[in-house]
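Peer 1: Give me coordinates for this.
(one chain, ligands or ions: 1)
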Amino acid sequence: MSARQIRNIVILTGAGISAESGLGTFRDRGGIWEKFDWQKLATPEAFTADPESVHAFYNARRENLLAAQPNDAHRALAALELLWQAEERGQFLLVTQNIDDLHARGGSNEVLHMHGELLKSRCNHCGHLFEHEHAITPNTPCPACGRSGGLRPHVVWFGEMPLGLDTIYEALGACDLFVAIGTSGTVYPAAGFVTEAKAAGAWTVELSLQPGEVSTLFDERHYGPATKLVPEWAE
Ligand code: BV8
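Peer 2: I've put the predicted structure just below:
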């Protein structure tokens, strides 16, 4: 990382940082949205129309996640966070669009999951939010209120409000460095974060396998696999 006087960092990750851990990306060749129709599986309307199929889609991805391991890119970000906190250099916010838990398993202490978490579900009847590894179906009773038919993945679908936006925009407004890792810059509001960071005067960096849709907005761009790029950049 360049020696510029950097105090406050915001990092945004996307599916590309977990690609080398074996979890699919969405818009690459053979990606998840090539195989599955997000309009039938990742919207509230889809869940209302066919909860069985939506639960099955997330149950399968949860199975894959349980077999996956964090990679060197996750670990490099965890080490950077530790350094930033130990030396009290400034703020460090890791925001991920991913719903996997590989940042946490890779050692990151604080991860803001703006699109929710695959290993959590919540009850539409009583609001109970809980962690689980097992599959959920429309008949699975809520562990708190006991009623069935109300459980949904704790995931932000298209058309739903992302989580933690106040925290994110506050950090973007005060950051000196914004780094987007392994994201295609397709989905908003995440794809607009680089613009917010630039407005705050931050240096902006894109680390990905190939240019994303908002690449031209970044001050610095490096392309290659995250497990190579991120450790090199973070040191
Ligand atoms: C919102 C969770 C209002 C689910 C996801 C019409 C109706 C309603 C909304 C909209 C609309 N039109 C537009 C919108 C907005 C919409 C949107 O942006 N749509 C897009 C398609 C145009 N956004 C929303 O609906 C959001 N909510 O707008 O609410 C609002 C807005 C602002 C303020 C208040 C309210 C909610 C979006 C969240 C949807 N949920 N995920 C699930 O996972 O099943 S989004 C989905 O795409 C993914 O989950 C992921 O989180 C997200 C972004 O994808 P990426 O992570 O970038 O992955 P992708 O495959 O695209 O790219 C991978 C990249 O990695 C590539 O660049 C590749 O080169 C690189 N790569 C690959 N391998 C490697 C690598 N890099 C490094 N190393 C490697 N080895």
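Peer 1: So His113 versus the ligand, what's the distance?
Peer 2: Counting by CB to the nearest ligand atom, to the nearest Å, the gap from His113 to the ligand is 10 Å. Where you see a C-beta, it was placed from the backbone N, CA and C, and this is true even at glycine.
Peer 1: ok, that residue - contacts?
Peer 2: Neighbouring residues of His113 by CB atoms under 8 Å, 6 or more residues apart in numbering: Thr96, Asn98, Ile99, Leu163, Gly164.
Peer 1: In JSON lines: the residues you listed, plus pLDDT and secondary structure.
Peer 2: Listed next are the contacts of His113 as JSON lines, based on pLDDT from 0 to 100; DSSP: H, G, I helix; E, B strand; the rest coil:
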{"residue": "Thr96", "pLDDT": "98", "secondary structure": "strand"}
{"residue": "Asn98", "pLDDT": "98", "secondary structure": "coil"}
{"residue": "Ile99", "pLDDT": "98", "secondary structure": "coil"}
{"residue": "Leu163", "pLDDT": "98", "secondary structure": "coil"}
{"residue": "Gly164", "pLDDT": "98", "secondary structure": "coil"}
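Peer 1: Pull the contacting residues for Glu81.
Peer 2: With CB under 8 Å, 6+ apart, Glu81 has these contacts: Phe92, Leu94, Ser108, Asn109, Glu110.
Peer 1: Three-state assignment for it, please.
Peer 2: Three-state assignment for Glu81 (DSSP: H, G, I helix; E, B strand; the rest coil): helix.
Peer 1: Arg7 too?
Peer 2: Local secondary structure at Arg7 is given as coil here, using three-state DSSP.
Peer 1: number of nearby residues for it?
Peer 2: Residues within reach of Arg7, counting by other CB atoms under 10 Å, total 14.
Peer 1: So it sits against Asp176, correct?
Peer 2: Yes. In this structure Arg7 lies within contact range of Asp176 using CB atoms under 8 Å: 5.5 Å.
Peer 1: Overlap in contacts, those two.
Peer 2: Common contact partners of Arg7 and Asp176 (CB under 8 Å, 6+ apart): Gly90.
Peer 1: Quick check: phi and psi on the closest residue to Phe92 other than its chain neighbours?
Peer 2: Nearest residue to Phe92, sequence neighbours excluded (CB to CB, 6 or more residues apart in numbering): Trp84, at 4.2 Å. Here is the backbone geometry of Trp84 (degrees, to the nearest 10): phi -60, psi -40.
Peer 1: mind listing the strands for this structure?
Peer 2: Along the chain, the segments classed as strands by DSSP state E run 9-13, 92-96, 112-113, 116-123, 129-131, 151-155, 177-181, 203-208, 220-223.
Peer 1: For Ile168, which of these is the nearest?
Peer 2: Across the strands of the chain, Ile168 has its closest neighbour in strand 92-96 (5.6 Å, CB to CB).
Peer 1: Mind listing the strands the closest one pairs with, and their directions?
Peer 2: On the basis of DSSP bridges, the sheet neighbours of strand 92-96 come out as strand 9-13 (parallel), strand 112-113 (parallel).
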